[in-house]
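Enquirer: give the three-dimensional model of this entry:
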Amino acid sequence: MRDSVKRLLAHSSVAAFAAVLCAGVQPVHAQAQESATDGPAESGTSNEAIIVTGSRIVSGFDRPTPVSVMDGARLEQRGAANIGDALAEMPAFRATNTPASTGLSAAAGYVGGRILDLRGLGAVRTLTLVDGKRFVPSTTQATVDTNMIPSILLQRAEVVTGGASAVYGSDAVSGVVNLLIDKNLTGYKLAGQIGFSEYGDNYTRQFGGAAGWALGDRLHLVIGGEYERSSGVEACPEREWCANGFINVGRNPLRPGQTATIPANNMRRAATPWSASYNGVTTPPSSAYVGNFVPSLRPIDGITFGADGTPRRFQFGTHVNSLYQFGGESDGPGENIYFDFPIVSPTERWAAMGYLTFEATPALTLELGVNYGHGEGDHRAPAYRNTAITIRDDNAFLPRSSDPTLDIPTILAQSGLTSFTLGKGFKDIGSSPIHVRNNVLRIVGSAAYEIDSNWRADLYYQFGRNDFRSDLTNGVVTSRMLNALDSVRNSSGQAVCRINADGITTNDDPSCVALNPFGFANQPNFEDAKAYVTANAFQTNITTEHVVAANLTGSLIDLPAGKLGIAIGGEYRSDNVEGDTDALSQAGRFFTGGGSTISGKIDVAEVYAEAEVPLLADMTAFQELGISGAIRRTHYNRSSATAESSSVNATTWKVGGTWAPIDAIRFRVTRSRDIRAPNVAELFGPLTNTQGIVTDVGRGGIQAVVPITLGSNPDLRPEKADTFTVGVVLAPRGGFLGRFRLSVDYYDIQIDDAISTLGQQNIVARCADGDAQSCGLVTRDADDVITNIRDTFQNVNELIARGYDIELAYRQPLGGNMLNLRVLASHVKDLITVDAVGPTERAGQTGLRGGTPPGIPDWTIDGTATLDIGERFSMTANARWINDGFYNAAFVGPEQPGFAIGSANSSNTNAMPGRIYLNLLGTVKVPISQDNRMDVYFGVDNVFDKDPPNYPGANGSGNNVLFNPVGRMFKAGVRAAF
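Expert: Below is the predicted model of the structure:
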C-alpha cells in the first residue's frame with residue numbers, strides 16, 4: 001500500500017514540477033525581482049550607493065556582469081533555518097561544505113560549516129563578503145562559514161556569477177557572494193522553528209531575534225542574533241538506502257591470456273566487506289585472487305571466529321576480492337563498510353551582530369559593526385581496520401580447536417608456516433569521536449563622506465579573529481596497536497607484548513598491554529589493552545585578519561549619454577594562521593584523524609581603478625550602449641616559521657559592455673582575467689597521513705586500502721583564470737508582458753595552474769595511463785604493492801567550466817490573489833580537468849567516489865511558485881530537479897560508447913538516475929495591529945521521501961553533496977514583526 005501511495009505521489013510531483021517550470025521564481029519585493037533579472041540590484045535612485053553589482057561605481061548604469069539576488073523572502077518561502085542552506089539550493093551552487101558532507105573532508109577538519117561553492121569550482125574560488133567587505137576566514141583555507149552570520153538580519157544576498165577579481169580582489173574566480181545586512185531596521189523581529197525527519201532524527205530547532213532603534217536624530221542601532229541546533233542523522237544503518245547500499249567490487253586480476261567475464265568494476269546492491277571482519281578472519285595473499293572469482297585458499301586462510309574466539313570457516317560469497325564480496329556472511333547491514341561517519345553531522349551554532357550608525361554631519365557617516373559567532377559539530381574517525389595483521393605462530397592468544405582443520409597451531413605446523421595474516425575491524429576498540437568548536441569575532445569601523453553631489457569617499461578597518469579547536473578521543477595509535485597485537489606468553493604464562501619479552505631493552509614499552517584480536521573484546525583485561533592502544537588528540541588554529549581599505553568614486557565629466565564614472569582605491573590585508581597539536585599527532589602516530597601544526601602569514605597590498613563609459617542613450621536601436629573596465633595590481637608577501645618566505649605579484653583586469661536596442665531587451669558581455677592566490681593551508685600546512693581505498697589498475701584492478709600523504713606545497717603559484725560571459729535580459733514594460741523577466745547568460749572559465757589535490761584514485765589511474773608525474777607520487781614495495789600515495793597540493797594543468805545560467809520570473813494576479821513564479825536553472829556544458837594525459841569531462845558526473853575529483857550535474861533546475869491568497873494565507877511549492885548523469889568519469893558502462901568488458905575502466909553500469917524533490921510550505925498571516933504582524937507556517941521538505949540514488953559514495957553510499965540524504969522532513973515555525 002505504501003509503495004502504491006509513493007508511486008502516485010511521485011507521478012504527481014512530476015506534474016507539479018512541470019507546472020512550476022512554465023514560469024519561475026519570485027522574490028517577495030518587486031525591487032529584488034527587478035535586480036535578479038535585470039542586472040544591478042538598485043533601488044531606483046541613481047545616487048544610491050551600490051555595494052555589489054559587479055562594480056563599485058555609484059550610478060544608474062546597467063552593468064554587464066550577471067547578478068542574481070536572493071532576498072529574505074526566499075528564506076521565508078523555504079522555511080530555511082540559515083543563509084547557507086538557502087543559497088546552496090540555487091543551481092549555480094554546489095553544497096560541498098555542509099553538515100551532510102563532513103565525511104568528505106579530513107577527519108579532524110571543519111565540521112558542520114556551510115561554506116559556499118559557486119559552479120562546483122571549489123569554495124576557495126568563491127569570495128564571500130558582508131556589506132561589500134571581507135569577512136574573517138573561518139577555516140585555514142580562507143573560506144567563510146555563513147553559519148557565523150545571523151540570517152534574521154539578512155536583507156538580501158547578491159551573487160555575482162562571473163569573475164570579479166579586478167573589482168573585489170583575490171578568490172573571486174567563480175564569483176562573489178555579498179550578504180547585505182538590514183541596518184535600517186526599526187522595530188522588532190522574532191522567529192522560531194522546529195523540524196524533524198520522518199525517521200525521528202535530524203531534530204532541528206532554531207530561534208532568533210532582531211531589533212532596531214533610532215537613538216535621536218543621528219544615531220541608529222541594530223542588533224540581532226539566532227541560535228540553531230540539529231541532532232543530525234547517524235551512520236549508514238539508519239537508512240535502508242545506505243545500510244543496503246551499493247559497493248563497487250573490483251574484478252580480481254586476470255591470469256595471462258585469461259578472458260574477462262565480468263567488468264573491472266561491479267556496483268552491486270548488498271555487497272559487503274569481509275577481509276576486516278569484526279571478529280577477525282585469516283586472509284590469503286594477493287596471489288590467491290589472480291584468475292579466480294573466489295580466492296584459492298590455503299588451509300590457514302578463511303578462518304573466522306565467534307565472539308569468544310572459537311574458530312570456524314568463513315562463509316564466502318559468489319565473487320570475492322581482497323576487500324568485498326557478493327553474498328556470503330557479513331557483520332550486518334551498513335556495518336564495516338570503511339565509512340563510519342554520520343550521514344548528517346550533529347551541529348550547534350549561535351551568532352550575534354550589531355551595527356551602530358552615526359550621522360556626524362550631513363556628509364559624514366560613521367559606523368561600527370561587531371559580529372560574534374560560535375559553532376560546534378560532532379564527527380568521528382572510523383575504527384581501526386587492518387586486512388593483513390601479521391600474527392606469529394607463538395602469539396599468546398592463538399585459539400585452539402578440536403577440529404584439526406580449524407586448529408591454527410596444527411595448520412601452521414603442517415604447512416611449515418611461522419606466521420599468517422589476519423584481517424579485523426576493531427569495533428570493540430571503537431571509532432574516534434571528534435568534537436569541533438569554532439569562535440569568530442569581527443569588528444569593523446567605517447566612514448563614508450559625501451564630498452559633493454558627484455564624489456564619495458569611504459574607508460574601513462576590520463579586525464577579525466577565528467579560534468578553532470578540534471578534540472579527538474579514543475584515537476588508535478598505529479605503533480601501539482601493532483605492539484599490542486604482537487604478543488607472547490612469558491615464563492609465568494601471562495600474555496605480554498613481544499617487545500617487552502624479546503631481550504632487547506631499546507624497544508621496551510612498560511605501558512604495553514597485549515591485545516587479543518580473535519573474537520570481540522575477548523580478554524579479561526581488554527579495557528587496559530584498549531587504553532594502551534588509544535590516545536586523545538587536539539588541534540587548535542587561530543586566524544587573525546586585519547584589513548584597511550579605501551575607495552573614491554564619482555564622475556569626471558558629463559558625456560552625451562551620461563556621466564563618465566570612475567572608482568579608485570586600495571586595500572591592505574594581513575591573514576595570519578597559527579595552529580598547534582599534540583605530540584603524537586605531530587609525529588603522525590594516529591591511524592587516522594589527529595591534528596597538525598600550521599604556521600603562516602600572507603600580507604596583501606593592492607590598488608585598483610575602474611571606469612564606466614556610457615556611449616549612447618535614448619537613440620533608435622541604442623536605448624543604451626556602454627562599456628566598463630577595471631584593473632587591479634596585487635602584491636603578496638608569504639611567510640612562515642616553517643618554510644622559506646616568498647612574494648608574488650599579479651595583475652587582474654576586466655572589460656565589459658551592455659547594449660539595449662530597446663527598453664525590453666538588453667545584451668551584456670564581459671571578459672576578465674582573475675586570480676586566486678594559494679592560502680596559508682595550501683602553502684604552509686603540514687603533511688598528514690590518512691588511509692583510502694584504491695583500485696590498483698597497475699596490478700590488474702585489485703582493490704586495496706593504502707596509506708595516503710596529504711598536505712601543503714610552499715612553491716604553489718597563483719591560479720590564473722580567463723572568464724568570458726555573454727547574456728541577454730528580456731524585461732518587457734507594461735501590460736501582461738510587463739510581469740515577465742528572463743535572463744540567459746553563458747560563461748566560460750578557464751583556470752591555468754589550478755591548485756588542487758588530484759585524488760588517490762586519479763593518481764593511480766593516471767600512472768597506469770603513462771603519466772610519469774603521477775607515477776612519481778606512488779610508492780611501491782618489492783612486490784609492487786602500493787605503500788604510499790603522495791596527494792599534496794599541486795598546480796595542476798587546467799580547469800575549464802562552461803555553461804548557462806537561466807532565470808525566469810513571472811507575476812500573475814488572480815482576482816484578489818497573486819501568483820508569483822520563478823525558475824533558476826544551470827546547464828553545465830563542461831567541467832573539464834586537463835592534466836598530462838589529457839582532458840577528463842565531469843559535467844554530468846553525479847556520482848561521488850572517494851579519491852576522485854567530484855563532478856556536477858549537467859542540468860539543475862530550481863522552481864518556486866507562491867500563491868498569495870488574500871492577505872491571510874500563502875502557499876509555496878518548490879521543486880528541484882537534478883538530471884540523469886553518470887557515476888564516474890573514469891568508468892565506461894555498457895550504456896556508454898566504448899564499453900569493453902575486458903578494459904580496466906569497464907563497469908557493469910555507469911548510469912546515475914536523476915531526482916526531483918518537491919517541498920511545500922503554507923503560511924498563515926495573523927494580523928496583530930496595523931503595524932504588527934505574525935506568520936505561522938508549516939512545511940514538508942522532500943514530500944515524496946526520495947532517497948539518494950543507490951550507488952557507492954565517498955561518504956558510505958550515495959552523494960550527500962547533490963542529493964537529499966535525510967528523507968522527508970517536517971517543519972513548523974513562527975515569525976513576528978512589531
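Enquirer: rank the helices and strands of this protein by mean pLDDT and give me the bottom one.
Expert: Scoring the helices and strands of the chain by mean pLDDT, DSSP states H and E places helix 30-37 at the bottom, with a mean of 32.
Enquirer: mind checking what helix or strand follows it in sequence?
Expert: Next helix or strand after helix 30-37 toward the C-terminus (DSSP states H and E): strand 67-71.
Enquirer: in its sheet, what does that next one sit against?
Expert: Sheet partners assigned to strand 67-71 using DSSP bridges are listed as strand 154-160 (antiparallel).
Enquirer: quick check: mean pLDDT across the partner strand?
Expert: Confidence over strand 154-160 (mean pLDDT, whole number) is 90.
Enquirer: quick one: distance of that strand to the chain centre.
Expert: Centre-to-centre, strand 154-160 and its host chain are 21 Å apart (CA atoms, centre = their mean, to the nearest Å).
Enquirer: dump the next helix-or-strand element following it to PDB, keeping only the CA atoms.
Expert: Read in the C-terminal direction, the helix or strand following strand 154-160 is helix 165-168, with elements assigned using DSSP H and E. Taking C-alpha atoms only, helix 165-168 is exported to PDB below (Å, rounded to 0.1, in the frame of the first residue of the first chain):
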ATOM      1  CA  SER A 165      38.900  39.800  -9.000                       C
ATOM      2  CA  ALA A 166      39.700  43.100 -10.600                       C
ATOM      3  CA  VAL A 167      36.900  44.700  -8.700                       C
ATOM      4  CA  TYR A 168      36.900  42.800  -5.400                       C
END
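Enquirer: direction included, what does the strand ranked longest in the chain pair against?
Expert: When every strand of the chain is counted residue by residue (DSSP state E), the longest turns out to be strand 534-559. Strand partners for strand 534-559, identified by DSSP bridges, are recorded as strand 456-476 (antiparallel), strand 562-581 (antiparallel).
Enquirer: in it, which residues are buried?
Expert: Taking 16 or more other CB atoms under 10 Å as the neighbour-count basis, strand 534-559 is seen to contain the buried residues 534-535, 537-541, 543-545, 547, 549, 551-555, 559. To be clear about C-beta, it is placed using only N, CA and C from the backbone, and glycine gets the same treatment.
Enquirer: then stretch 585-595?
Expert: Applying a neighbour-count criterion of 16+ other CB under 10 Å, one finds Ser585, Arg589, Phe590, Phe591, Thr592, Gly593, Gly594, Gly595 buried in stretch 585-595.
Enquirer: mind checking which of the residues you listed are in strands?
Expert: Per DSSP E, those never map to strands.
Enquirer: adding pLDDT and distance to Ser712, write those residues out as a markdown table.
Expert: Putting the buried residues of stretch 585-595 into a markdown table (pLDDT from 0 to 100; distance: CB to CB, whole Å) gives the following:
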| residue | pLDDT | distance to Ser712 |
| --- | --- | --- |
| Ser585 | 91 | 16 |
| Arg589 | 91 | 20 |
| Phe590 | 90 | 19 |
| Phe591 | 89 | 22 |
| Thr592 | 83 | 19 |
| Gly593 | 78 | 19 |
| Gly594 | 80 | 16 |
| Gly595 | 83 | 15 |
